[in-house]
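Trainee: structure for the following, please:
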Amino acid sequence: MRKTVAILSMALILSVLAGCDMLAKIGKNQTDTEKNTPQEIEIIIPVQAQLPSRGDISAHFETTTRVEAENRVQVVAEAVGECLQVNVQEGDSIQVGQILAELDKKAMLASIGQTEVQVRQSKTAYDRAASMYEEGLSSQAERDNAKFAYEQALASLETQKIQFSKLTVRAPISGLLTHKLIQTGQMVASGSPIFSIVDPESFMLVINPPERELARLQTGQKAKVTIDALGTEEFEAAVRRINPNVDPASGTVKVTLDFDPGTRAKLRDAAFARVRLVMDTRKNTLLVPKDAVLEENARKYLFVVEQEKAEPTADTQPAGSPDPAQTAAETPPKNDKPVFLANRIEIETGFEDSNSVEVVKGIDDSALIVVLGQHTLKPGSRVTVTNANDEILARAGLSAEDALAAAKERREDNANKPGRQGHMH
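Mentor: The predicted structure is shown next:
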């Protein structure tokens, strides 16, 4: 964002200064015309230029997705009862086994009490039947039936104790509580969802490149990730798993990306993520700023600053020419910076990223390319290589606002001169 603002500001200042130069020369020409002294208008455009650089650039697969937790649990009620107490809130850090909520246990305690009585009764009946069988006073079947009744009562008691324990809702995993769907006093039905817990240490990304990219995918491949909730900070992720199957409905491949532990600590569940997966990298290639490249009719161009060819000069003054001293006195001072020509060069490009473009044909390392002011140029335009600060200092401290005001004032003065159409005061 700062770079964009700086470029726009620079472009505005250069445009204003170029406009001031043109208005000044046009104003001088109008004055000379009134004096019947013809004056040719010369337009020299200030631009900013630089040499291309050498560096590495990568091709990317770009997509968007959301942060997911591989370990995610939805806690459901396993018993029926009124909620008496909720011990946690959304956003709390949870430990495995921690008590999340308590349901009413009075009815279950009463049932357990009844079952315990049945257990004691069946135990007494079984002991008596076993004693009588040993004394030969009862059959083996009677003893066995009493034993089965006792064991069944024990099993019922154990079942009720398990149900009783489920009236205390505990966390099945450690993590962060993301949803709380239960309130104190609420009647809870068995099987209804009441909490959601995610493990932040298992945060990952799932992307779906098209199947044509399958051959270029491999584990360990790096990706650059920005999270909208975290601003412009860029994080690194790596491919952990590639599903070998292609989804027949979408024609894509499921790829799982992992973060390092330090990055995971900053993430949030379901946060929106922008992913740039590095598919290929070229080393030490010729790079130019992306903003310098112009496109027209599906072709790409650069403006390159080149030395202007010197014109031959005569040793003698032609007859009838104006007096050089008088001409010098009436001609505005020339720009003391060298004047060049800006030629448009067609280029072939390769990889590009957010800042740079790879140039594979059209220029070499010595080309001086226009990076600011190129949108106002035509092939063969005469230019000076400058920057905003130099132009401002050259005009004795004129600010952009002052330059605009001066240009406006001169335009109004020219419009109000006798013999010209304009607003009359």
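
Trainee: just checking: what are the partner strands of the lengthiest strand in the chain?
Mentor: When the chain is parsed with DSSP state E, its longest strand is strand 272-289. Strand 272-289 has the following sheet partners, assigned by DSSP bridges: strand 53-66 (antiparallel), strand 222-227 (antiparallel), strand 356-361 (antiparallel).

Trainee: just the C-alpha atoms of it, please, in CSV.
Mentor: The C-alpha trace of strand 272-289 is given here as CSV (Å, rounded to 0.1, in the frame of the first residue of the first chain):
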residue,chain,number,x,y,z
PHE,A,272,-9.6,-16.5,5.5
ALA,A,273,-6.2,-17.3,3.9
ARG,A,274,-4.6,-16.4,0.6
VAL,A,275,-2.1,-19.0,-0.6
ARG,A,276,0.7,-18.8,-3.2
LEU,A,277,2.2,-22.2,-3.7
VAL,A,278,5.6,-22.1,-5.3
MET,A,279,5.5,-24.4,-8.4
ASP,A,280,8.8,-23.5,-10.1
THR,A,281,11.8,-21.1,-9.5
ARG,A,282,14.2,-19.5,-12.0
LYS,A,283,17.6,-18.3,-10.6
ASN,A,284,19.5,-15.2,-11.5
THR,A,285,17.1,-14.0,-14.2
LEU,A,286,16.6,-10.5,-15.7
LEU,A,287,13.9,-8.7,-13.8
VAL,A,288,12.1,-5.3,-14.3
PRO,A,289,9.4,-3.6,-12.1
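
Trainee: please compute how far it lies from its chain's middle.
Mentor: 15 Å (CA atoms, centre = their mean, to the nearest Å).

Trainee: got the buried residues for the helix or strand following it?
Mentor: Once the chain leaves strand 272-289, the next helix or strand it forms, by DSSP states H and E, is strand 294-296. Neighbour-count burial for strand 294-296 flags residue 294 (criterion: 16 or more other CB atoms under 10 Å). C-beta coordinates here come from the backbone N, C-alpha and C atoms, glycine included.

Trainee: need the helix or strand of the protein with the lowest average pLDDT.
Mentor: The helix or strand of the chain with the poorest confidence is helix 324-330; it has a mean of 40 (mean pLDDT, DSSP states H and E).

Trainee: helices or strands up against the helix or strand just after that helix?
Mentor: Downstream of helix 324-330, the next assigned helix or strand under DSSP H and E is strand 340-352. In terms of contacts (3 or more CB pairs under 8 Å, 6 or more residues apart in numbering; DSSP states H and E), strand 340-352 is packed against strand 53-66, strand 272-289, strand 299-307, strand 356-361, strand 381-385.

Trainee: let me know which of those strands is tucked in deepest.
Mentor: For the helices and strands packed on strand 340-352, average neighbour numbers computed from mean count of other CB atoms under 10 Å are highest in strand 381-385, which has a mean of 20.

Trainee: by contact count, what packs against that one?
Mentor: The helices and strands touching strand 381-385, judged by 3+ CB pairs under 8 Å, 6+ apart, are strand 45-50, strand 340-352.

Trainee: okay, that strand in CSV with CA atoms only?
Mentor: What follows is strand 381-385, C-alpha atoms only, in CSV (Å, rounded to 0.1, in the frame of the first residue of the first chain):
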residue,chain,number,x,y,z
SER,A,381,9.7,11.3,-27.0
ARG,A,382,12.4,13.5,-25.7
VAL,A,383,13.0,13.0,-22.0
THR,A,384,15.2,13.9,-19.1
VAL,A,385,16.0,11.4,-16.4
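
Trainee: list the contacts of it.
Mentor: Strand 381-385 is contacted from outside by 42-49, 305, 308, 335, 337-342, 368, 370, 373, 377, using CB atoms under 8 Å, 6 or more residues apart in numbering.

Trainee: what's the mean pLDDT across that strand?
Mentor: For strand 381-385, mean pLDDT rounds to 92.

Trainee: what is the mean pLDDT for stretch 161-178?
Mentor: Per-residue scores along stretch 161-178 average to 96.

Trainee: all numbers from here: first residue = 25
Mentor: Shifting the count to begin at 25 puts that one at stretch 185-202.

Trainee: in it, which residues are buried?
Mentor: 187, 190-191, 193, 195, 197-202.

Trainee: okay, and which of those map to helices?
Mentor: Secondary structure from DSSP state H places residue 187 of those in helices.

Trainee: ok, now how distant is the nearest residue to residue 114 once chain neighbours are set aside from residue 213?
Mentor: Closest residue in space to residue 114, ignoring its immediate chain neighbours: residue 204 at 5.2 Å, by CB to CB, 6 or more residues apart in numbering. Distance, residue 204 to residue 213, using CB to CB, to the nearest Å: 17 Å.

Trainee: tell me which of these two has more neighbours.
Mentor: Comparing residue 204 with residue 213 by other CB atoms under 10 Å, the one with more neighbours is residue 204, at 18 against 11.

Trainee: quick one: the more buried one and residue 110 touch, right?
Mentor: Yes. The criterion here is CB atoms under 8 Å, and residue 204 meets it with residue 110 at 7.1 Å.

Trainee: tilt between the longest strand of the chain and strand 69-74?
Mentor: Using axes from the mean of the first three to the mean of the last three CA atoms, to 10 degrees, the direction of strand 296-313 lies 110 degrees away from that of strand 69-74.

Trainee: what average pLDDT does strand 296-313 get?
Mentor: Rounded mean pLDDT across strand 296-313 is 95.

Trainee: do stretch 123-140 as well
Mentor: The model assigns stretch 123-140 a mean pLDDT of 95.

Trainee: cool, stretch 376-383 as well?
Mentor: Rounded mean pLDDT across stretch 376-383 is 92.

Trainee: can I get the CA coordinates of that stretch in PDB?
Mentor: C-alpha atoms of stretch 376-383 as PDB (Å, rounded to 0.1, in the frame of the first residue of the first chain):
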ATOM      1  CA  GLU A 376       6.000 -12.600 -12.700                       C
ATOM      2  CA  ASP A 377       5.100 -11.900  -9.000                       C
ATOM      3  CA  SER A 378       3.500  -9.000  -7.200                       C
ATOM      4  CA  ASN A 379       6.600  -6.700  -7.800                       C
ATOM      5  CA  SER A 380       8.600  -8.000 -10.700                       C
ATOM      6  CA  VAL A 381       8.400  -9.400 -14.200                       C
ATOM      7  CA  GLU A 382      11.000 -11.700 -15.800                       C
ATOM      8  CA  VAL A 383      12.100 -10.500 -19.300                       C
END
